[in-house]
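Visitor: Compute the structure for the input listed below.
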Amino acid sequence: MLRYLIQVIENLSVTGIITALLWAAMKRGGEDRKRAALWGCAAGAAAALVIAVLRRTTALINRGFFNTWTLSFAVLFGILYIVFLWAPPQKRRTETLSVYVNALLLAALLFYSLTTIFLYPSEFVLPGESIFSTDFLFCLAGFTAGLVIVALASSVVYKTARAVPETLRKALLSAALVLVICNEAVVVVQFLLARRIIPMHRWLFALIIAGVNNSALFVYGTMLIGLVPPLALFVRGLRAPVTGNNPAERRRVRAERRTNRRRFAAVTACFAASVLAMTVVKAYTKRGVELSPAEPMTISGGEILIPLTQVEDGHLHRFAYNTDDGTETRFIVIKKNSVAYGVGLDACDICGATGYYERKKEVICRLCDVVMNISTIGFKGGCNPVPLEYSLRSGYMVVELVNLENEKHRFK
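Guide: Predicted structure coming up:
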C-alpha cells in the first residue's frame, strides 16, 4: 500500500502541478489554444497507455532510450514555451507556433509520467493469484490515495492560479518549468554518460551525481511554487476589508474568503502528506531490506561454473566473486522461461551497486524500488541489471572471470 502511495506521488506530483499551471495560463488563451491543449493531453495519455502495455507484455521497449527521447523533447518544448510566454505580442504565425508548443509540452509531460502510472495496476496481482485478496486491496488503496492527493492538489493550484495576477502566474509557471527542465536534463545527461554517447568530464559527473542525489528537491521546489497561488489569495483575503453596497455583496466577500481559506488548507495538507510520504514513510518502507547471501559456485580455469539445476527454480540467485584486487563483484541469475536465463551484475547504470532482491516473485531494485520486468533482465536499459555474458555447457552455466574483472569498478 505505502509503496504505491509513494511512487504515485513521486512520479505524478510535478506533472500535476505543471499541467495545472499550464491550463491556468490559458485563461485568455483562446479556444484554439485550449482545444490544442486538450488534444495534446489526450494524445500523451493514449500514447502512455500503449507504451505501458508494450513494456509489460514485450521486450520491444528499451526503457533507457524511451525515457531519454521523451525527456529530451520535454526539455526542448519547455524552453520554447518559456520563450513564447515572455515574448512581446506575437504575430499570427508565431502565435500559432506557440499553440502547438503548448500542446506538445503537455503531451510529452503526460506521456512520460503516465506510462509508469499505467504500469502499476499490472503489479497488484501476481500470476495465479486472485484480485479478491488483501494484498490487492492494499495496493489499490495506496495507488488510489496517491492519485487523489495529486488530483486534489492540482485542482486547487489550477483554480487559484487563474485568480492571481497574470504576471505572477507567468513567473510561477516559468520557475516551475525551469525546475522541471533541470531535473529532466539530469536524467538525459546521465543516460548519455552511461552509454558513453558524450565524453565523461569530472565536473559534469559531479554535477549529475548532485542532481540525482537531490532529485527530491526538484519535487519539493515545484510544490512550493504550487503553494504560492492559494497562499496569495488567502493573504489577500485577510487584508481586504469586508465591504459592499448591500448585505449580499458582503456575504459574497465572506464566502470568497472561506473558499480561499479552504483551498489553502487543502493544498497545504496535500503537499504536507506528499512530503511526509516521500521522506518518513519512504524511509520506513525501505528499512531492513537485506540482500540474500551469495550462493556457492565452482571456479575452474578462469571460469565460474554453476550447475543449471541450482538456478532452475525461477527464483533470484546471487553469486559473488572476489577480483584480483579483492573487490567483491556480485551477479544475479534467474530463469526467465523454459529456454532463457536472465544474467546480469547486481548493479545498474542508474542506481549503482545497491543490488536487487526478490519479493513475491518480483525482482526489485533495492535503491529505487522499481520492479523489473523479468523478461528484460539480461538486456540493457533503465534500472535493469547490467548484462553479463554467459554460456551453457554440459549442464553448467559458464561465466568468464575476465568479464567480472572488467566490471569490478562498479562495486568500488
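Visitor: so what's residue 200 closest to, chain neighbours aside?
Guide: For residue 200, ignoring the flanking residues on the chain, the nearest one in space by CB to CB, 6 or more residues apart in numbering is residue 193 at 6.0 Å. All C-beta atoms are positioned from the backbone trio N, CA, C, and that covers glycine.
Visitor: In this model residue 209 seems to touch the one you found, though I could be wrong.
Guide: No. Here residue 193 does not reach residue 209: they are 10.3 Å apart, not a contact under CB atoms under 8 Å.
Visitor: Which of those two has more residues huddled nearby?
Guide: residue 193 (17 against 12; other CB atoms under 10 Å).
Visitor: mind checking how far that one is from residue 315?
Guide: Separation of residue 193 from residue 315 (CB to CB, to the nearest Å): 33 Å.
Visitor: Distance check, the residue nearest to residue 200 against residue 263.
Guide: According to CB to CB, residue 193 stands 43 Å off from residue 263.
Visitor: what does residue 37 give?
Guide: From residue 37 to residue 263 the distance is 23 Å (CB to CB).
Visitor: Let me know the secondary structure of residue 304.
Guide: What DSSP: H, G, I helix; E, B strand; the rest coil gives for residue 304 is strand.
Visitor: Then residue 76?
Guide: Per three-state DSSP, residue 76 ends up helix.
Visitor: Before we move on, what's the pLDDT of it?
Guide: At residue 76, the pLDDT value in this model is 89.
Visitor: Then the one 5 residues further on?
Guide: As predicted, residue 81 sits at a pLDDT of 89.
Visitor: element containing residue 184?
Guide: Remark: residue 184 resides in helix 166-194, with elements defined by DSSP states H and E.
Visitor: Repeat that for residue 321.
Guide: Assigned by DSSP H and E, residue 321 belongs to strand 317-322.
Visitor: what pLDDT, on average, does the next helix or strand after that strand get?
Guide: Next along the chain after strand 317-322, taking DSSP H and E as the criterion, comes strand 328-335. The pLDDT scores in strand 328-335 average 91.
Visitor: what does stretch 102-112 give?
Guide: On average, stretch 102-112 scores 91.
Visitor: and that stretch, how far from the chain's centre?
Guide: Counting by CA atoms, centre = their mean, to the nearest Å, stretch 102-112 is centred 15 Å from the centre of its parent chain.
Visitor: now stretch 187-204
Guide: On the basis of CA atoms, centre = their mean, stretch 187-204 sits 20 Å off its chain's mean C-alpha point.
Visitor: And that stretch, end to end?
Guide: Its first and final residues considered, stretch 187-204 spans 13 Å by CA to CA, to the nearest Å.
Visitor: What lies in contact with that stretch?
Guide: With contact meaning CB atoms under 8 Å, 6 or more residues apart in numbering, stretch 187-204 is reached by 64, 67, 68, 71, 72, 75, 205, 208, 211, 212, 349, 350.
Visitor: For residue 324, grab phi and psi.
Guide: phi -60, psi -30 (degrees, to the nearest 10).
Visitor: how close does it sit to residue 411?
Guide: Residue 324 sits 13 Å away from residue 411, going by CB to CB.
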